[in-house]
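Novice: got a sequence here, can you build the structure:
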Amino acid sequence: MSVPVQRTIGADLQKLVDQIPAWAQARGLTPLAALPEGEGRRVLLTGDEVSAADFIDLAHTCGARVLYFDSDVFAAEEFAVLDGDGLEPEAGVEDQLSAEAHDELKRLRRAARTRAGEITAVGMCFMTEGLPHYWTEEAAWHTDLQGAWTEFTQLRCSGLVSVGGCQ
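Specialist: Model prediction:
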């Protein structure tokens, strides 16, 4: 047996979304446009949703006593490696690439070397009311480089032996 559900007109929902922050602030709450998710329940935010400064303000407002943070540094020598275990290149895999694919691989590696040692991502976390709140931001150049590598492995490595990157 199904229970009929009355649907609200989209415009009414938009009005509600627009009003929630004002209502929350009027009652001394800090509005945060996110919901706990996932196993173990946590709040995941990105720089697209909340700035780093606003995330730190939120941690303060929520009474957090510790702000955890970390960053990742790009290791160019570990990027665009066609290998099975990440330790030594698989013998002959690059030899199986077409000339065009080999040139593209060299181009990707050159681009990676220009970014060696740069920060790829920053993450922060605080706990409040037993719920972890995470914030992450990834460098656009890193996202683009990872996308180019994914595209390379999907388009250029078809038919090659299944090894890391060429699957």
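
Novice: which strand residues bridge the spatially most central residue of the chain?
Specialist: Nearest to the geometric centre of the chain sits Glu138, at 6.2 Å (Cα atoms, centre = their mean). Residues in a beta bridge with Glu138, per DSSP bridges, are Ala121.

Novice: wait, it touches Ile119, no?
Specialist: No. Glu138 lies out of contact with Ile119 (Cβ atoms under 8 Å); the separation is 9.7 Å. Backbone N, C-alpha and C define where each C-beta goes, glycine included.

Novice: ok, which stretches of this protein are helices?
Specialist: For the chain, the helices defined by DSSP state H occupy 10-26, 52-61, 99-113, 140-156.

Novice: ranking those by burial, who's on top?
Specialist: helix 52-61 (a mean of 16; mean count of other Cβ atoms under 10 Å).

Novice: that helix: how far from the chain's middle?
Specialist: Computed by Cα atoms, centre = their mean, to the nearest Å, the chain-centroid distance of helix 52-61 equals 20 Å.

Novice: thinking again about what came up before, which of the helices of the chain has the lowest mean pLDDT?
Specialist: Among the helices of the chain, helix 10-26 carries the lowest mean pLDDT, at a mean of 82.

Novice: show me the contact partners of that one.
Specialist: 30-31, 33 (Cβ atoms under 8 Å, 6 or more residues apart in numbering).

Novice: just the CA trace of that helix, in CSV.
Specialist: Output of helix 10-26 as CSV, limited to C-alpha atoms (Å, rounded to 0.1, in the frame of the first residue of the first chain):
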residue,chain,number,x,y,z
GLY,A,10,9.4,24.1,-6.7
ALA,A,11,9.2,27.8,-6.1
ASP,A,12,8.0,27.2,-2.6
LEU,A,13,11.0,25.0,-1.9
GLN,A,14,13.3,27.7,-3.2
LYS,A,15,11.7,30.2,-0.8
LEU,A,16,12.2,27.8,2.1
VAL,A,17,15.9,27.3,1.2
ASP,A,18,16.3,31.1,1.0
GLN,A,19,14.6,31.6,4.4
ILE,A,20,16.4,28.9,6.4
PRO,A,21,19.7,30.9,7.0
ALA,A,22,17.8,33.9,8.2
TRP,A,23,15.6,31.9,10.5
ALA,A,24,18.6,30.1,11.9
GLN,A,25,20.6,33.3,12.5
ALA,A,26,17.6,34.9,14.2
